[in-house]
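Participant: got a predicted structure plus its sequence, pasted below:
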Amino acid sequence: MTIAIILGTRPEIIKMAPVIRECKRRDLDYDVIHTGQHYSYEMDRIFFEQLELPLPEYNLDVGSGNHGLQTGRILVEAEKVLMAERPDVVLVQGDTNTVMAGALAASKLHIKVGHVEAGLRSLDRRMPEEINRIVADHVSDYLFPPTEISKQNLLKEGISEAKINVVGNTIVDSVYQNRAIASRKVNMLKELGLDPKGYFLVTAHRAENVDDRSRLGEIIRGLELVGSEFSAPVVFPMHPRTRKMVQEFGLHLDGIRAIEPLGFLEFLQLEAESRLILTDSGGVQEEACILGVPCVTLRDNTERPETVEVGANLLVGALSGRILEGVRGMMDAENGWRNPFGEGRAGEMIVELVGS
Ligand code: UD1
Ligand code: UDP
């Protein structure tokens, strides 16, 4: 049994780490194929180092580009490697261009595909991620939805129940495995001069938010309002896409502490100690919910409705007034909610199911 793990972006490295660890623990024959969709040190290599992952056997070096270019390059290059390696199964995770192209390349070569984090739906087809998820799910042979809700999405689209196993989300494994390590190895509050529960943490990088001048301007204005109403620092480790667009649009970040993207250990610690998180990231919505920190999501919809249902997350869109109102409403949310994403054994379960 040989396994190829195709990944290419920050969240895929973090969420595949438990699967890679499990392959290693069982001494399985596996290869990691990195597409090179993310390539900056702080978006890529830092996670291999911090999570002590073996470096990928292949790097396809596709880099950035429009959807057609990036997806096309991954298809061409992944196909070459898969034809040479002929693994029994390819595993992909999530909803990026890497995932769609990797799954498509494998399925056209009649190699079985396993989709980790299958079945998420925002029901918003303007999001590139929604198209990627749908395609990946429909060419997959093993589907690993994190929750019952995501399983139901797959069944509604006619995907056979025999292919589906609810395993939880591997992000729970990653959070549990790295919380204590973060406490031992980093002290971000000291480094940034922050008090526990005395600051807001922000991330934003969704194309529909940051590539639109007026939406990005409204989000920044909303963050300024939040910082000034609660007299608390607003810390914003900024995704390179967002940094680029802030510069291109000539926007000013008054009252916001914009910093470089952080390693997972540093970011996890900042999340856990923050008063409230504002984000448009999928993974960050989940992590806030798992860590018991209230979350305000800068979007009109979410493919993680479980977080809203348990009371951990509120969708506010991208208008400054609504962002402030949302933060007022969530500041004192009772944080005893249930973690809907599983027990932290998803990595083991996935490898067990694929390997048997
Ligand atoms: C991609 C995914 C998104 C995911 C996100 C995780 C798609 C369509 N989008 O978005 O679903 O949530 O990754 O972070 O697959 N850049 C760098 N260094 C890098 C990578 C990117 O500077 O290492 C800059 C480049 O200017 C690039 C831009 O960021 O043009 C966008 O990168 P891209 O991979 O196209 O999309 P993301 O916004 O990262
Ligand atoms: N993350 C990180 N450093 C940062 C910001 C985020 O390590 O500065 C991690 C975060 O903990 C989460 C993942 O990156 O596990 C989320 O990735 P991102 O928001 O880029 O993508 P999405 O989840 O929206 O696809």
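Facilitator: Done, it's in. Numbers count the residues shown, from 1 in each chain. Ligands and ions are numbered 1, 2, ... in the order given.
Participant: and the helices in the stretch 1-150 of the chain, which stretches?
Facilitator: With helices called from DSSP state H, counting those that start in this stretch, the stretch 1-150 of the chain shows them at 10-25, 45-50, 67-85, 97-108, 128-138, 148-156.
Participant: can you add mean neighbour count and give the ones you listed back as CSV?
Facilitator: Glycine gets a C-beta too; all of them are placed from N, C-alpha and C. What follows is these, written out as CSV (neighbours: other Cβ atoms under 10 Å):
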stretch, mean neighbour count
helix 10-25, 23
helix 45-50, 18
helix 67-85, 17
helix 97-108, 25
helix 128-138, 20
helix 148-156, 17
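Participant: ligand 2 is nearest to which of those helices?
Facilitator: Nearest to ligand 2 among the helices of the stretch 1-150 of the chain is helix 10-25; the distance by Cβ to the nearest ligand atom comes to 3.7 Å.
Participant: roughly how far is that closest one from the heart of the chain?
Facilitator: Centroid separation between helix 10-25 and its chain, computed with Cα atoms, centre = their mean, to the nearest Å, is 13 Å.
Participant: same deal with stretch 60-75?
Facilitator: Relative to the chain's own centre, stretch 60-75 is displaced by 19 Å; criterion: Cα atoms, centre = their mean.
Participant: same thing with stretch 4-14?
Facilitator: 10 Å.
Participant: next one: stretch 256-263
Facilitator: Relative to its chain's centre, stretch 256-263 lies at 17 Å (Cα atoms, centre = their mean).
Participant: stretch 140-156 now?
Facilitator: Centroid separation for stretch 140-156 versus its chain: 18 Å, with Cα atoms, centre = their mean.
Participant: make CSV out of the helices of the stretch 1-150 of the chain and add mean pLDDT and distance to residue 209.
Facilitator: As requested, the helices of the stretch 1-150 of the chain are exported to CSV (pLDDT from 0 to 100; distance: least, Cβ to Cβ, whole Å):
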stretch, mean pLDDT, distance to residue 209
helix 10-25, 98, 16
helix 45-50, 98, 23
helix 67-85, 98, 17
helix 97-108, 98, 18
helix 128-138, 98, 13
helix 148-156, 98, 23
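Participant: adding distance to ligand 1, write these out as TSV.
Facilitator: Formatted as TSV, the helices of the stretch 1-150 of the chain follow (distance: least, Cβ to the nearest ligand atom, whole Å):
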stretch	distance to ligand 1
helix 10-25	5
helix 45-50	10
helix 67-85	6
helix 97-108	4
helix 128-138	4
helix 148-156	17
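Participant: can you list the ones you listed in JSON lines and add distance to residue 240?
Facilitator: Listed next are the helices of the stretch 1-150 of the chain as JSON lines, based on distance: least, Cβ to Cβ, whole Å:
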{"stretch": "helix 10-25", "distance to residue 240": "10"}
{"stretch": "helix 45-50", "distance to residue 240": "13"}
{"stretch": "helix 67-85", "distance to residue 240": "15"}
{"stretch": "helix 97-108", "distance to residue 240": "16"}
{"stretch": "helix 128-138", "distance to residue 240": "17"}
{"stretch": "helix 148-156", "distance to residue 240": "29"}
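Participant: what's the closest of the ones you listed to residue 275?
Facilitator: Smallest distance to residue 275 across the helices of the stretch 1-150 of the chain (Cβ to Cβ): 23.5 Å, for helix 10-25.
Participant: do that closest one and ligand 2 meet?
Facilitator: Yes. Using Cβ under 6 Å from any ligand atom, we find that helix 10-25 touches ligand 2 at 10, 11, 14.
Participant: and which of these is nearest to residue 145?
Facilitator: Comparing the residues of helix 10-25 next to ligand 2 against residue 145 with Cβ to Cβ places residue 11 closest, at 16.7 Å.
Participant: wait, doesn't that closest one sit right on residue 284?
Facilitator: No. Assessed by Cβ atoms under 8 Å, residue 11 is found out of contact with residue 284, at 9.2 Å.
Participant: who touches stretch 281-288?
Facilitator: Applying Cβ atoms under 8 Å, 6 or more residues apart in numbering, the contact partners of stretch 281-288 are 11, 14-15, 94-95, 120, 129, 169, 171, 175, 203-206, 268, 271, 277, 279, 294-295, 297, 302-304, 307, 312-313, 341.
Participant: ok, back up a step: out of the helices of the stretch 1-150 of the chain, nearest to residue 337?
Facilitator: Closest to residue 337 of these, according to Cβ to Cβ: helix 148-156, at 15.5 Å.
Participant: perfect, I'm done here.
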